[in-house]
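**Q** predicted model, plus sequence, below.
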Amino acid sequence: MKLSPVRAVSITVFVLGIAGMIVGSIADNNGTAIAFGIATALAAICLIVATASQNPPRLTFDESTAQRMESTIQDLVSEGADEQELRDLVRQSVELGRGAVEPR
């Protein structure tokens, strides 16, 4: 299931819930304010559950791309590049692509 409809419904319930709480408070009707507050809280819980239960995207491994990369690394090493520095650079690039690099 796409998350967009859940978000749209949640935002609608949030906006209407806040308006309902304000109107209920102005009208001095605590029951109405509490009912809209509960509806808003339930919408938040639904959004949290929907987001948490969504399947994360699967990472795929392409063997041919890995072989080409290894071949390129070996070519650069044979031309004089430091192998450890080169492999560290590749590792950092992969982490950057995954969003796992911490700012320095």
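**A** Alright, I've got the coordinates.

**Q** look up the closest residue to residue 37, ignoring the ones flanking it.
**A** Closest residue to residue 37 in three dimensions, ignoring its sequence neighbours and counting by Cβ to Cβ, 6 or more residues apart in numbering: residue 21, at 5.4 Å. Quick note: C-beta positions are derived from backbone N, CA and C, even for glycine.

**Q** can I assume that neighbour is in contact with residue 40?
**A** Yes. Between residue 21 and residue 40 there is a contact under Cβ atoms under 8 Å: 7.4 Å.

**Q** just the C-alphas of whichever strand or helix holds the residue nearest to residue 37, formatted as PDB.
**A** Assigned by DSSP states H and E, residue 21 belongs to helix 4-26. C-alpha atoms of helix 4-26 as PDB (Å, rounded to 0.1, in the frame of the first residue of the first chain):
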ATOM      1  CA  SER A   4       0.500   8.900   0.300                       C
ATOM      2  CA  PRO A   5      -3.300   8.200   1.000                       C
ATOM      3  CA  VAL A   6      -2.500   7.500   4.600                       C
ATOM      4  CA  ARG A   7      -0.600  10.700   4.900                       C
ATOM      5  CA  ALA A   8      -3.400  12.700   3.200                       C
ATOM      6  CA  VAL A   9      -6.100  11.300   5.500                       C
ATOM      7  CA  SER A  10      -3.900  11.900   8.500                       C
ATOM      8  CA  ILE A  11      -3.200  15.500   7.600                       C
ATOM      9  CA  THR A  12      -6.900  16.000   7.000                       C
ATOM     10  CA  VAL A  13      -7.800  14.500  10.400                       C
ATOM     11  CA  PHE A  14      -5.100  16.600  12.100                       C
ATOM     12  CA  VAL A  15      -6.400  19.900  10.600                       C
ATOM     13  CA  LEU A  16     -10.000  19.000  11.300                       C
ATOM     14  CA  GLY A  17      -9.100  17.700  14.700                       C
ATOM     15  CA  ILE A  18      -7.300  20.900  15.700                       C
ATOM     16  CA  ALA A  19     -10.200  23.000  14.400                       C
ATOM     17  CA  GLY A  20     -12.600  20.800  16.300                       C
ATOM     18  CA  MET A  21     -10.700  21.100  19.500                       C
ATOM     19  CA  ILE A  22     -10.600  24.900  19.200                       C
ATOM     20  CA  VAL A  23     -14.300  25.100  18.400                       C
ATOM     21  CA  GLY A  24     -15.100  22.800  21.200                       C
ATOM     22  CA  SER A  25     -13.100  24.800  23.600                       C
ATOM     23  CA  ILE A  26     -14.600  28.100  22.500                       C
END
